[in-house]
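[1] Next comes the sequence, and after it the predicted model I'd like to discuss.
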Amino acid sequence: MEPVFRGITIYLFLWLIFRVSGKRTLAQTSPFELVLLLIISEVTNQAMVDSDHSITNAILLIITLVGMSILLSVIKHYSPAASRWLEGLPLPLVRDGELLRENLDKTRVDEAEIMKSARCTQGVDRMDDVRDATIENDGTISIVPREP
């Protein structure tokens, strides 16, 4: 039963860390963040398996982690409040053409990232042509261009 408790604990801890670290952490990874994720992966592995490297323990851990994922998805499906708490809400970055500095600081997004998304998704190359921009739960930035 110890591997199950270890798996649940690590799953919840990693969920909390990624939730606190912000939306952009999951959407784009720099080389530094990739190295960090690899290290987290190795440390997590060691924390979950302890000294038991058996196939049975590995199967039990996989079932536990997939079970946690399914459980949380069911909770999110039936409870909008839990979904907001577990995943957060989209956050506006530009509203009616005005940059929302507080939200930019909160999400660690700058104007250049908004413009990159605007160019890639809408073909917009000036901030004046962006009506609204929102950072979604998955870390992507959605753009609504101004009407011509």
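    Cool, the structure landed. Residues are numbered from 1 along each chain as shown.

[2] CA only for contacts and neighbour counts going forward, please
    OK.

[3] For the strand or helix carrying Leu65, buried residues please.
    Assigned by DSSP states H and E, Leu65 falls within helix 55-78. Within helix 55-78, the residues scored as buried using 16 or more other CA atoms under 10 Å are 57, 61, 64-65, 68, 76.

[4] Using CSV, write down the CA coordinates of the next helix or strand after it.
    Later in the chain than helix 55-78, the nearest helix or strand by DSSP H and E is helix 80-87. The C-alpha trace of helix 80-87 is given here as CSV (Å, rounded to 0.1, in the frame of the first residue of the first chain):
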residue,chain,number,x,y,z
PRO,A,80,-17.3,23.6,-12.3
ALA,A,81,-16.0,25.0,-9.0
ALA,A,82,-13.5,22.2,-8.7
SER,A,83,-12.5,22.7,-12.4
ARG,A,84,-11.8,26.4,-11.8
TRP,A,85,-9.7,25.5,-8.7
LEU,A,86,-7.8,22.7,-10.3
GLU,A,87,-7.1,24.4,-13.7
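
[5] contact partners of helix 80-87?
    Residues outside helix 80-87 that contact it (CA atoms under 8 Å, 6 or more residues apart in numbering) are 19, 75-77, 137.

[6] No further questions, thank you.
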